[in-house]
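1. structure for this input, please:
(one chain, ligands or ions: 1)
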Amino acid sequence: MTLASIALPPGLALELGSEGMVLVGDEKRFGKPLRVDFTAGKVAHRRQFGGGRGQLIARACGLAGGITPSVVDATAGLGRDAFVLASLGAEVLMIERVPAIAALLEDGLNRARCDQETAEIAARMRLYTGDATQALATLVAQAGFAPQVVHLDPMFPHREKSALVKKEMRLFRELAGDDHDAPRLLEAALETATHRVVVKRPRKAPPIEGPAPQHVIEGKTSRYDLYVHRSLKR
Ligand SMILES: C[S@@+](CC[C@H](N)C(=O)[O-])C[C@H]1O[C@@H](n2cnc3c(N)ncnc32)[C@H](O)[C@@H]1O
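-> Below is the predicted model of the structure:
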């Protein structure tokens, strides 16, 4: 896919610069350009000092007691959660439906594959572009991937006006929109995961409409709802 063929909302553009691919828009409205970088900044800091398998996401996905499940991240976004899981040893298949977001993520992954500090981690991450609501089982089969855990982090519809959304999130939100079809995504995940489905939610948000989660792991700002088919074993 060429850059020019990727559909974008009016006022946004994907550009290739010396530091990789960036999404740019009017800075006053959208804030700084958006780029995926696994080798520096917050993501790198979290890899080095983030708390390992004690992190909420690791506990939710069952990375404990010597168990390292394979994880499908069916809402890949900018790949931050997937990178945490891969840095803890998990094989991660990422699925993202917005082509511009997938392009930014693929670009970040390519740079991570060339960096000595992150190459081994990035080798555990694979990205497919597609809609997991419609094609989760097909994409997983195509990839020949064992979907022990399916991780979901759909956008949570925000009521506040865009001026109040954190600037760094505005460009991303403009591309991704609100994931109103999250209940259908949860259904697809429950059909595909062999062991558990893990859903990240804002701490006070209701669970995704559908079956009730069997377990909840709460953090300061977010929460994980767990839907367990069977326990993970070594
Ligand atoms: C909140 S973001 C995820 C952020 C991600 N966890 C991270 O660490 O960067 C949600 C992402 O899921 C994607 N998404 C939502 N529903 C999807 C679906 N059915 N199939 C594939 N991607 C989906 C959205 O386009 C958006 O990029």
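2. from here on, contacts and neighbour counts on C-alpha atoms
-> Will do.
3. at the contact with the ligand, which residues of this protein appear?
-> Taking Cα under 6 Å from any ligand atom, the part of the chain that reaches the ligand is made up of 74-81, 95-98, 130-133, 153-155, 176, 179, 185.
4. how about the secondary structure of residue 103?
-> helix (DSSP: H, G, I helix; E, B strand; the rest coil).
5. distance of it relative to residue 87?
-> Distance of residue 103 to residue 87, computed by Cα to Cα, to the nearest Å: 21 Å.
6. which SS state does residue 23 fall under?
-> Here residue 23 is recorded as strand under three-state DSSP.
7. for it, report the pLDDT, please.
-> Model confidence at residue 23, given as pLDDT, is 93.
8. apart from its chain neighbours, what residue comes closest to it?
-> residue 14 (4.5 Å; Cα to Cα, 6 or more residues apart in numbering).
9. and for residue 108?
-> residue 36 (4.8 Å).
10. so who does residue 44 touch?
-> Going by Cα atoms under 8 Å, 6 or more residues apart in numbering, residue 44 touches residue 38.
11. pretty sure it belongs to a helix, no?
-> Yes - counting by three-state DSSP, residue 44 is found in a helix.
12. for the ligand, see how far away it is.
-> To the ligand, residue 44 is 13 Å away according to Cα to the nearest ligand atom, to the nearest Å.
13. looking at residue 103 and residue 87, which one has more neighbours?
-> More crowded of residue 103 and residue 87, by other Cα atoms under 10 Å: residue 103, with 24 against 20.
14. so what's the residue count around the residue nearest to residue 108?
-> By other Cα under 10 Å, neighbour count at residue 36 equals 24.
15. can I assume it sits in a helix?
-> No - according to three-state DSSP, residue 36 belongs to no helix; its state is coil.
16. which strand or helix spans residue 169?
-> helix 167-176 (DSSP states H and E).
17. buried residues, that helix. List them.
-> Neighbour-count burial for helix 167-176, counted by 16 or more other Cα atoms under 10 Å, picks out 167, 170, 171, 172, 173, 175, 176.
18. swap in stretch 189-209?
-> 189-190, 192-202, 207-208.
19. before we move on, what about stretch 24-33?
-> Neighbour count says stretch 24-33 has 24, 25, 30, 31, 32, 33 buried, by 16+ other Cα under 10 Å.
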